[in-house]
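1. Mind looking at a prediction? Sequence and model below.
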Amino acid sequence: MLCLRWRWPAPGIGTHAMKIRLGHTQIDVLRYLLLWLAVAFAFTLQRVLSHNLQGQSFPFEVYLRWSMIQWFTWAALAPLVFALGERHPLRPERRLAGLGVQLLASVGVTALAMVVGALVSTWFEPSSFGEQLWYFIAQHFAMGLLTYWALFAIQQALHFQQEKARREVEASRLATELAQSRLLALKSQLQPHFLFNTLHAIITLLDEDKASAEDMLLRLSELLRAFLEDYDGQEISLRQELELIELYLGIQRTRFKDRLHSRIYVAAELLDAAVPSLILQPLVENALRHGIGRNLGEDTIEIEGRRDGDMLCIEVRNQNSTLQQPGAPGGHGIGLANTRLRLRELYGDSAEVRLDLLWPQGVACRVRLPLRIRDDADDAPEFAVHGGAA
């Protein structure tokens, strides 16, 4: 059936835009009619040349009328062909059945086109309906079958294209949801891990220095508030991440007292760069656990952020730890593995994290990820760097 849709214009426009629906595709009526008029005109020229070669001749408008009756009949029946194609598509599991249905439909619709064409022709020709019907069957039935199958092929091609696009969108949506689920799982794995280690550090101070333990609890409450209120997304600004890591370092400086120092070197233009939330905490935790947490003496945690072309490079260095094997990540726990997985989920092969030995002593954890400045950087909290021993 012919499906027409009236679309009301915007205020100030006095015309109505009418659409013809062909399956899931819509086309302007004027464009649709011009398309079929072009087909009718092409066949008109063909018929004129053919008759001239045979020594027959009629006025040009007669040839145009014949072609317009033939092809505008199919213009009216095209939505029906598209509807039959949608209702009985050629599915791989039922291809023969679909072809059988379409074969019967092509004969039926073509016969209907012959009847409609003959009825319209009787208004312009002196012959009877029966004579016009036999003429249409003799002259146009084979072309009508070809027209049906051509329209059906166009419908199937459009259907497969739309289905492919729909599946790609669905696959992209599912991949995004899966990646988000993995990232949430990794982040939820990291936060309890950090909380347990921090609470353990506070417990060790309860019997030794209650004032310091109370100060650590206050810093921990600020850190947890930041987790719960401000940093729900997968990415935050480097400014916010440094604010979080400063709270964490404050807790650790209280724990290790004069043995621990920290320095942060980050260019001001990089403070609004996007980084995964909690990217620094597990790296700093590893540096402490494998450095001052195991070895005697002092240690300095250095955090550096710099730009390398279109990449953001972040380094976490300390001088009081070493690697079991040069460049090997083994023995550095859940934090480093979690960081690698999160970077892979967020940036694919564009990001990397590795451990390197420093000369004469120490370890550097180096992270490279695509540099992107956050649009909402103006809403980020102000950050002030605090260094030195607590």
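-> That came through, no problem. These numbers were taken from a predicted model, which means no experiment stands behind them.

2. Helices along the stretch 51-200 of the chain, start to end?
-> Listed in chain order, the helices of the stretch 51-200 of the chain (DSSP state H, counting those that start in this stretch) span 60-87, 95-121, 129-206.

3. let me redo that: the stretch 251-390 of the chain
-> 281-290, 333-347.

4. Between these, which one is closest to Ala75.
-> Between Ala75 and the helices of the stretch 251-390 of the chain, the tightest spacing by Cβ to Cβ is seen for helix 333-347, at 52.2 Å. Quick note: C-beta positions are derived from backbone N, CA and C, even for glycine.

5. For that closest one, name the packing helices and strands.
-> With contacts taken as 3 or more Cβ pairs under 8 Å, 6 or more residues apart in numbering; DSSP states H and E, helix 333-347 sits against helix 129-206, strand 274-276, helix 281-290, strand 352-357, strand 363-370.

6. elements contacting the last one?
-> Right, strand 363-370. By 3+ Cβ pairs under 8 Å, 6+ apart, strand 363-370 packs against helix 281-290, strand 311-318, helix 333-347, strand 352-357.

7. In a markdown table, list these along with distance to Pro370 and mean neighbour count.
-> Putting the helices and strands packed on strand 363-370 into a markdown table (distance: least, Cβ to Cβ, whole Å; neighbours: other Cβ atoms under 10 Å) gives the following:
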| stretch | distance to Pro370 | mean neighbour count |
| --- | --- | --- |
| helix 281-290 | 18 | 23 |
| strand 311-318 | 6 | 20 |
| helix 333-347 | 6 | 18 |
| strand 352-357 | 11 | 17 |
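
8. who wins for proximity to Ala175 among the ones you listed?
-> helix 333-347 (10.6 Å).

9. for the helices and strands packed on helix 333-347, which one sits closest to Leu346?
-> strand 274-276 (5.9 Å).

10. So what touches that closest one?
-> 234-238, 241, 312, 314, 342-343, 346, 369, 372-374 (Cβ atoms under 8 Å, 6 or more residues apart in numbering).

11. same thing but 6 Å
-> For strand 274-276, the external contacting residues (Cβ atoms under 6 Å, 6 or more residues apart in numbering) are 235, 238, 241, 342, 346, 372, 374.

12. Closest one of those residues to Val107?
-> Leu346 (57.8 Å).

13. nearest residue to the closest one other than its sequence neighbours?
-> Spatial nearest neighbour of Leu346, chain neighbours left out: Pro276 (5.9 Å); criterion: Cβ to Cβ, 6 or more residues apart in numbering.

14. partners of the one you found in the sheet?
-> Under the criterion DSSP bridges, Pro276 forms beta bridges with Glu235.

15. any idea how far Leu238 is from it?
-> 11 Å (Cβ to Cβ, to the nearest Å).

16. ok so, going back, the residue nearest to Leu346: neighbour count?
-> Residues near Pro276, counting by other Cβ atoms under 10 Å, number 23.

17. One more: Arg95?
-> Neighbours of Arg95 (other Cβ under 10 Å): 11.

18. quick one: pLDDT of it?
-> pLDDT, Arg95: 76.

19. same thing with Ile373?
-> 90.

20. didn't it look like it was pressed against Asp272?
-> Yes - Ile373 lies in contact with Asp272 (Cβ atoms under 6 Å); the separation is 5.2 Å.

21. These two: which is more packed in?
-> Asp272 (18 against 14).

22. Check this structure for me, the residue farthest from its geometric middle.
-> Gly55 (63.6 Å; Cα atoms, centre = their mean).

23. Who are the packing partners of the longest strand anywhere in the chain?
-> Among the segments of the chain that qualify as a strand by DSSP state E, the longest is strand 299-308. Under the contact definition 3 or more Cβ pairs under 6 Å, 6 or more residues apart in numbering; DSSP states H and E, strand 299-308 sits against strand 260-266, strand 311-318.

24. Now do stretch 309-324: everything it contacts.
-> For stretch 309-324, contacts defined as Cβ under 6 Å, 6+ apart pick out 273, 283-284, 287, 290-292, 295, 299, 301-306, 331, 357, 361-369, 371.

25. Now, of those, which are buried?
-> With burial judged by 16 or more other Cβ atoms under 10 Å, the buried subset of the contacts of stretch 309-324 is 273, 283-284, 287, 290-292, 299, 301-305, 362-369, 371.

26. mind checking how far Glu86 is from Pro79?
-> Taken as Cβ to Cβ, the span from Glu86 to Pro79 is 11 Å.

27. Compare these two (neighbour count), which wins?
-> A count of neighbours by other Cβ under 10 Å puts Pro79 above the other of Glu86 and Pro79, at 19 against 15.

28. How much space separates the more buried one from Leu238?
-> 57 Å.

29. Run through the stretch 251-390 of the chain and note the low-pLDDT ranges.
-> Residues of the stretch 251-390 of the chain that meet the criterion pLDDT under 70 lie in 324-335, 376-390.
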